[in-house]
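J.: just the structure for this:
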Amino acid sequence: MTGRFKKTLIRPNCSIKQALKQMDAMGEKTLIVVDDRKRVVGTITDGDIRRWILNGKSLNESLVNAMNRRPLTLKEGFAKEDAKNLMLQRQVECLPVVDGTKKVISCLWWTDLFESNPKNFKSLKLPVVIMAGGEGVRLHPFTKVLPKPLMPIGDKPIIEIIIDRFFGYGCEDFYLSLNYKSNMIKAYFSDFEHKYKINYILENKPLGTAGSLHLLKNRIKKTFFVSNCDILIEADYADILRFHKKRKNKITLVSSMKNFTIPYGVCEIENGGVLRDIREKPEYDFLVNTGMYILDAAVLNDIPKNRFYNITDLIGDYIEKKEKIGVYPVSEKSWLDMGQFEALQEMLKKFKA
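T.: Sure thing, here's the model as predicted:
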């Protein structure tokens, strides 16, 4: 039994939150739910948990309420071609292998049979706008010398890693919104050959995280991605786009689960100071904005000209107008942020820089 396989198993008495934490810890998207005799009773995927969150349900509930109770399995001694066909037809990334008693004995992953590309890979061919004009004051004094988009993460600057990730999904048209140390960023991309097209949007003054989008009016005429230049999202970008289109959102915001634990006993009072209860180390879950979005092209008509305007201002204006803003949740470790020193250190560890 391999270490990876062992870490894929989870018991049905665990909560959905525990399942999410286990997925995050092992970097997997599917867990196999087994009983005390290791017989498969279900599977739970990141998609199952995402749908659970979007339905407004609690992560503290038992995972059996969210799992697939009729999972696909392979029988011991399965034919490789049959497994390939099953994965392709049913679009699953992990299949448990069971013996004659339905006891799970191993798992077969997509990467065991196919060389590359996620199962849902589709060339998106959408424009990508990267907001790279900020001064990066939280990373002073480093960003006094080097603009944040060129901060190295391993052997590449963060902005090139972001571009590579979108390029992997077939996005070839990039717009970089620049202001602070813009010439250094332009010089970097002029110094080597790349397979994608770089367009520059130059701000004469800081315009916030959405103000410069006005300069793209009549230039971008289809749905497009927007990303901050200090974050990486490890998720299926094609699935985020499907979510955006299916829900007919004006804007889709990618959010990340964040769990906070108060490391104390919290007093709950009533009637002017009478103790009702003490909650020991309570946990709270939030969906936080990661800094990645999908926008319809029509949004560009609503960006004010030459005015400091953050994308959160735009979202607030749309909420007032009852426009539809969607939220696509990803797990905590699917979001890498280097906006502050501590977060930068975490990202460097991730890339083993």
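J.: from now on I want contacts and neighbour counts done on CA atoms only, so please keep to that.
T.: OK.
J.: what helices and strands are in contact with the top strand by length along the chain?
T.: Among the elements of the chain assigned as strand by DSSP state E, the one spanning the most residues is strand 283-295. On a contact count with 3 or more C-alpha pairs under 8 Å, 6 or more residues apart in numbering; DSSP states H and E, strand 283-295 meets strand 224-228, strand 231-233, strand 251-261.
J.: what are the pairing partners of the last one, and which direction each?
T.: What that stands for is strand 251-261. Applying DSSP bridges to the sheet, strand 251-261 is found paired with strand 283-295 (antiparallel), strand 325-330 (parallel).
J.: give me the contacts around that strand.
T.: Identification of contacts with strand 251-261 by C-alpha atoms under 8 Å, 6 or more residues apart in numbering yields 244, 281-296, 315, 324-332, 334-335.
J.: got the residue ranges for the helices in the stretch 51-200 of the chain?
T.: For the stretch 51-200 of the chain, helices defined by DSSP state H, counting those that start in this stretch occupy the ranges 80-90, 110-113, 142-145, 158-167, 182-190.
J.: comparing the ones you listed, which comes out most buried?
T.: Ranked by mean neighbour count under mean count of other C-alpha atoms under 10 Å, the helices of the stretch 51-200 of the chain are led by helix 158-167, which reaches a mean of 19.
J.: pLDDT on stretch 184-198, on average?
T.: Here stretch 184-198 scores 91 as its mean pLDDT.
J.: any residues touching it, and which ones?
T.: Stretch 184-198 has contacts (C-alpha under 8 Å, 6+ apart) with 147, 149-150, 167, 172-176.
J.: is there a quick ChimeraX command that grabs whichever of those residues are buried?
T.: Of the contacts of stretch 184-198, the buried ones go into a single ChimeraX selection, burial set by 16 or more other C-alpha atoms under 10 Å:
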select :147,149,150,167,172,173,174,175,176
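J.: give me the angle between the longest strand of the chain and strand 224-228.
T.: Using axes from the mean of the first three to the mean of the last three C-alpha atoms, to 10 degrees, one finds that strand 283-295 and strand 224-228 are set 130 degrees apart in direction.
J.: immediately after strand 283-295, which helix or strand?
T.: Along the chain past strand 283-295, the next helix or strand (assigned with DSSP states H and E) turns out to be helix 311-320.
J.: residues in contact with that following helix?
T.: With contact meaning C-alpha under 8 Å, 6+ apart, helix 311-320 is reached by 208-211, 251, 303, 324-325.
J.: which among those count as buried?
T.: Judged by neighbour count, with buriedness set by 16+ other C-alpha under 10 Å, the buried members of the contacts of helix 311-320 are 208-211, 251, 303, 325.
J.: out of those, which is nearest to residue 277?
T.: The nearest member of those to residue 277, counting by C-alpha to C-alpha, is residue 325 at 38.1 Å.
J.: do I have it right that residue 225 meets residue 125?
T.: No. With contact defined as C-alpha atoms under 8 Å, residue 225 does not reach residue 125; the gap is 10.6 Å.
J.: compare these two (neighbour count), which wins?
T.: Applying other C-alpha atoms under 10 Å to residue 225 and residue 125 shows that residue 225 carries more neighbours, namely 21 against 14.
J.: for that one, give its distance to residue 166.
T.: Here the distance between residue 225 and residue 166 works out to 9 Å (C-alpha to C-alpha, to the nearest Å).
J.: please apply the same query to residue 10.
T.: Shown here: residue 10 relative to residue 166, a distance of 33 Å by C-alpha to C-alpha.
J.: what's the answer for residue 188, then?
T.: Taking C-alpha to C-alpha as the measure, residue 188 falls 19 Å from residue 166.
J.: again, but for residue 150
T.: Using C-alpha to C-alpha, which is the criterion applied here, residue 150 is 17 Å from residue 166.
J.: residue 23 too?
T.: Relative to residue 166, residue 23 is positioned 23 Å away (C-alpha to C-alpha).
J.: ok, the closest residue to residue 199 other than its chain neighbours - contacts?
T.: Of all residues not flanking residue 199 in the chain, residue 175 sits nearest, at 4.6 Å (C-alpha to C-alpha, 6 or more residues apart in numbering). When contacts are counted by C-alpha under 8 Å, 6+ apart, residue 175 touches 127-130, 198-201.
J.: which one (most neighbours) among these?
T.: Compared across the contacts of residue 175, residue 129 has the highest neighbour count, 27 neighbours, by other C-alpha under 10 Å.
J.: I figured it hits residue 220, correct?
T.: No. At 10.0 Å, residue 129 does not count as touching residue 220 under the criterion of C-alpha under 8 Å.
J.: closest to residue 88 among the buried ones among the contacts of helix 311-320?
T.: Nearest member of the buried ones among the contacts of helix 311-320 to residue 88, counting by C-alpha to C-alpha, is residue 251, at 31.0 Å.
J.: give me the pLDDT for the closest one.
T.: At residue 251, the model reports a pLDDT of 97.
J.: so how far is residue 239 from it?
T.: According to C-alpha to C-alpha, residue 251 stands 15 Å off from residue 239.
J.: and what of residue 46?
T.: Here residue 46 is placed at a distance of 12 Å from residue 239 (C-alpha to C-alpha).
J.: who has more neighbours out of the two?
T.: Taking neighbours as other C-alpha under 10 Å, residue 46 and residue 239 compare with residue 46 leading, 19 against 15.
J.: tell me the pLDDT of the more buried one.
T.: According to the per-residue confidence, residue 46 scores 90 in pLDDT.
J.: what does the one 3 residues further on give?
T.: Residue 49 carries a pLDDT value of 92.
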